[in-house]
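1. Give me the fold of what follows.
(2 chains)
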Amino acid sequence: MSELALFIVRLGFVAVLWIFVFSIISVIRADLFGQKVVSRVAAANAPEVISTPVGNSAPFAGSSPLVSEPTGSSAVKLVIIEGDKTGQLVRLERREITIGRSPDSDLIVDDEYASTHHAKLILINNDWLIQDLNSTNGTYLDGSRVGTPAVVKLNTPVRVGKTVFELRS
Amino acid sequence: MTFTNLTDAINIPKIIRVIPRNRNIEAWLLAFALGLFAFELAQIQLSVLQVLCADFWLYFVPFTLAVLAIHFVLRIRASEADSLILPIGVVLNGLGIAEIYRLDLHTVAVKGTELFAGKQIAWTCIAIAVAAVVVIFVPSHLFLRRYVYVSMFVGVGLLLSPMLPVIGRSINGARLWIGIGPLTFQPGELAKIALTVFFAGYLVTRRDSLAIVGRKIFGVRIPRARELGPIISIWVASLLVLVMQHDLGTSLLYFGLFIVMIYVATGRSIYVVVGLTMFFSGALVASRVADYVTRRFDAWLNPFDQSHYDAVGGSYQLVQGIFGLAHGNLLGAGLGGGLPHLVPLAESDFIIASLGEELGLVGMFAILALYLLLVARGVRIAFMHNDDFSKLLAVGLSFVIALQLFIVMGGVTRVVPLTGLTTPLLAAGGSSLIANWIIIGVLLRISDSMGSGQRVIGAVN
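-> Purely as a prediction, here's the structure:
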């Protein structure tokens, strides 16, 4: 092979090696920014979607949050309707969901009005109960402060710090 | 009324797709990586032999089959695993094989008999198979948590096994091998994985007392003596390795790994400060006392001194490596175009110098970028996980690769004293390949469990 051809091959290899590096970087970039865009869309859409009551059933259309129903095991998820994480949901797969600022909480509430271990949801006798864990600013169930553990009905707002969530089926 | 269709009505947008997409990206990148490997082999044959010959297939086919095999294992058993780790590992391993093959061609040309490329390709296939076995049979990395103390004993046992009378072997002055007949193995390579599992499990249970307890002196919280106990014992163990096995690199690797993991677990820089002070004071004493450490230090500080250059075990190898890198210049001599065989152990300890000579500074930075991306993926896996054991394990395993690369490359380029560690994935040697592919397998396994269940972006659990 001629010197020139070898020279081109030589440069070509290093170039191709770098192309590989950059294709990896472009995948990472797509991961990062692709997600970010979608999540912004979600944040914009979510509250709107959530406040729409059971869409198709006429009697309820247009009315504000759904009439409370006994929760029981029909509640399968916790939906955040106010606060930084609006639109996110946590599946109620365990019998106990802890809420607070501490990183080992199931629902991490990251604001200065929440305590480290703020409250927890417990499933007892087919009902989800909210228990306040002596938090500084209290936990509010449908507007009133929770003293003793109280039953959380479906679609009833619970406020922890600046975050409000509801249980949904 | 029924609430059965409520989930459909309240349509919270699902943001993270259930991703077999990961695997398709991986397939593309693997094709690219194998193409690169073919390019390397062809370029080497053309520039050394002037013709393409059938040996090409001898190297290309087994490697390709092994890579495809693990790719399909991932498709079936871990479809949401990270898509970039495997291609990066394949490129690095392929580069290593190609460079070793290139050195072999020279050995054949001068009628030498010590060939490595055949062994390397065989070990690569075995190592990739082991990684596949890890992905298949370790259902979840949390399963490793049950064996925290077992892995401590395994790790320490492996680490000390070269000191056993019959099977222990001493090669080039370092007692790091065990051997049965002609087969030799470097158990320290596997020990690093076992010890990472142990450190992760241990620190998960102790992190709170390590992080919070302690008296404040001058605004710095000093950990209690009993929390310092394990650090001191690891320090003693790593100094023992240094003194008994004559290996600075291994002891630096284990101690550094422990310090990093303790820092990640507690977030307190005092441990890093204390740890580094302890290590450097220990090493300084060792450099005065142990003869071989003194020689290494001298060779590191004054490699171009004629007396060090000529001494047995002096700086000859190091200096030849530096000449090689200098010959490589900016763009390199081209694969097959340099003279990497002038450096002793060019296929193992000095593979970085060989590649640096043939690919130049630009290629060297590409290799470093690949390692950086590999480690960054590992750290990202740790970051995305919410339980502490996974976090620590992933950080520990990726950091093992990073630290080992730093010690080796630092040694070759005279940033730190030269030691006998292997370059992860590049260097010739079965134990090192197997250990690093196990690390890749475990990282893939950890990254797969990240996506388990239905996730919504930033989902709180």
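2. going forward, measure contacts and count neighbours with C-alpha atoms only.
-> Fine.
3. for the residue of the stretch 51-200 of chain B found nearest chain A, what are its contacts?
-> Going by CA to the nearest CA, chain A is nearest to residue B:84 of the stretch 51-200 of chain B, at 6.9 Å. Residues in contact with residue B:84 (CA atoms under 8 Å, 6 or more residues apart in numbering or on different chains) are A:24, B:26, B:29, B:374, B:377.
4. Now do it against residue B:355, distance only.
-> Distance, residue B:84 to residue B:355, by CA to CA, to the nearest Å: 23 Å.
5. Give me the pLDDT for the most centrally placed residue in chain B.
-> By CA atoms, centre = their mean, chain B has its centre lying nearest to residue B:401, at 3.0 Å. For residue B:401, the model assigns a pLDDT of 95.
6. Kindly report the same for residue B:172.
-> For residue B:172, the predicted pLDDT is 67.
7. next one: residue B:264
-> Confidence score, pLDDT, at residue B:264: 89.
8. What count of nearby residues applies to the nearest residue to it once chain neighbours are set aside?
-> Nearest non-adjacent residue to residue B:264, counting by CA to CA, 6 or more residues apart in numbering or on different chains: residue B:392, 7.3 Å away. Neighbourhood size, residue B:392 [other CA atoms under 10 Å in any protein chain shown]: 27.
9. what ranges do the helices span in chain A?
-> A:3-51 (DSSP state H).
10. Contacts only, for the residue in the stretch 251-400 of chain B positioned nearest to chain A.
-> Relative to chain A, the nearest point of the stretch 251-400 of chain B is residue B:334 (4.9 Å; CA to the nearest CA). Contacts of residue B:334 were listed using CA under 8 Å, 6+ apart, and they are A:7, A:10-11, B:358-359.
11. May I ask you to confirm that residue B:331 is in contact with residue A:9?
-> No: with contact defined as CA atoms under 8 Å, residue B:331 does not count as touching residue A:9 (11.8 Å).
12. In this structure residue B:343 contacts residue B:320, no?
-> Yes: counting by CA under 8 Å, residue B:343 touches residue B:320, with 5.4 Å between them.
13. What residue in chain A comes nearest to chain B?
-> Relative to chain B, the nearest point of chain A is residue A:10 (4.9 Å; CA to the nearest CA).
14. Neighbours of residue 29, how many?
-> No chain in the question, so chain A it is. Using other CA under 10 Å, residue A:29 is surrounded by 12 other residues.
15. Chain B, not that one
-> Using other CA under 10 Å: residue B:29 sits among 23 other residues.
16. Is it in contact with residue B:87, as I believe?
-> Yes: here residue B:29 lies in contact with residue B:87, judged by CA under 8 Å, at a distance of 5.9 Å.
17. need the contact list for residue A:80.
-> A:86-89, A:163-166.
18. near chain B, which of the residues you listed show up?
-> Subset of the contacts of residue A:80 in contact with chain B: A:87-89, counting by CA under 8 Å from any CA of the partner chain.
19. residues of the strand or helix carrying residue B:194 that come out buried?
-> Using DSSP states H and E, residue B:194 maps to helix B:187-212. Burial within helix B:187-212, assessed by neighbour count using 16 or more other CA atoms under 10 Å in any protein chain shown, is assigned to B:187-204, B:207, B:210-211.
20. What helices and strands are in contact with that helix?
-> helix B:148-160, strand B:174-180, helix B:248-266, helix B:388-412, helix B:430-450 (3 or more CA pairs under 8 Å, 6 or more residues apart in numbering or on different chains; DSSP states H and E).
21. try 7 Å
-> Packing partners of helix B:187-212 (3 or more CA pairs under 7 Å, 6 or more residues apart in numbering or on different chains; DSSP states H and E): helix B:148-160, helix B:248-266, helix B:388-412, helix B:430-450.
22. Please tabulate those helices in JSON lines, including the columns distance to residue B:70.
-> Shown next, in JSON lines, are the helices and strands packed on helix B:187-212 (distance: least, CA to CA, whole Å):
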{"stretch": "helix B:148-160", "distance to residue B:70": "26"}
{"stretch": "helix B:248-266", "distance to residue B:70": "28"}
{"stretch": "helix B:388-412", "distance to residue B:70": "20"}
{"stretch": "helix B:430-450", "distance to residue B:70": "10"}
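23. To residue B:116, which of those helices lies closest?
-> helix B:430-450 (10.6 Å; CA to CA).
24. what's the burial count for the closest residue to residue A:137 other than its chain neighbours?
-> Nearest non-adjacent residue to residue A:137, counting by CA to CA, 6+ apart: residue A:113, 6.4 Å away. By other CA under 10 Å, the residues close to residue A:113 number 17.
25. who's in contact with residue A:113?
-> Residues near residue A:113 by CA atoms under 7 Å, 6 or more residues apart in numbering or on different chains: A:137, A:161-162.
26. Please tell me which one of the residues you listed counts the most neighbours.
-> Going by other CA under 10 Å, residue A:161 tops the contacts of residue A:113 with 22 neighbours.
27. Am I right that it is in contact with residue A:114?
-> Yes: using CA atoms under 7 Å, residue A:161 is in contact with residue A:114, at 4.6 Å.
28. Mutual contacts of the two, please.
-> Joint contacts of residue A:161 and residue A:114 (CA under 7 Å, 6+ apart) are residue A:137.
29. picking that back up, so the residue of the stretch 251-400 of chain B closest to chain A: helix, strand or coil?
-> Secondary structure, DSSP: H, G, I helix; E, B strand; the rest coil: residue B:334 is coil.
30. what does residue B:346 give?
-> coil.
31. related to what we said a few turns ago, report how many residues lie close to the closest residue to the residue nearest to the centre of chain B other than its chain neighbours.
-> Using CA to CA, 6+ apart and skipping the chain neighbours, the partner closest in space to residue B:401 is residue B:424 (6.4 Å). When neighbours are counted by other CA under 10 Å, residue B:424 registers 24.
32. what bits of the chain have low per-residue confidence?
-> Unless you meant another one, I'm taking chain A. A:1, A:34-73 (pLDDT under 70).
33. ah, I was thinking of chain B
-> B:1-20, B:172-174, B:181, B:213-224, B:226-227, B:230, B:450-461.
34. So which residues of it form strands?
-> Along chain B, counting by DSSP state E, strands occupy B:168-171, B:174-180, B:183-185, B:215-217, B:220-222.
35. Mind giving me the packing neighbours of the third one?
-> In terms of contact count using 3+ CA pairs under 7 Å, 6+ apart, strand B:183-185 is assigned the packing partners strand B:174-180.
36. What pairs with the strand it packs on, parallel or antiparallel?
-> Strand B:174-180 pairs in its sheet with strand B:168-171 (antiparallel), strand B:183-185 (antiparallel), by DSSP bridges.
37. what sits up against the last one?
-> With contacts defined as CA under 7 Å, 6+ apart, strand B:183-185 is touched by B:177-179, B:431.
38. And for the first one?
-> Contacts made with strand B:168-171 from outside it, assessed by CA under 7 Å, 6+ apart, are listed as B:161-162, B:175-179.
39. ditto for stretch B:136-155
-> For stretch B:136-155, with CA under 7 Å, 6+ apart as the criterion, the contacting residues are B:77, B:191-192, B:194-195, B:197-198, B:201, B:445-446.
40. now do stretch B:196-205
-> Contacts for stretch B:196-205 (CA under 7 Å, 6+ apart): B:145, B:148-149, B:151-152, B:258, B:262, B:265, B:388-389, B:392-393, B:396-397.
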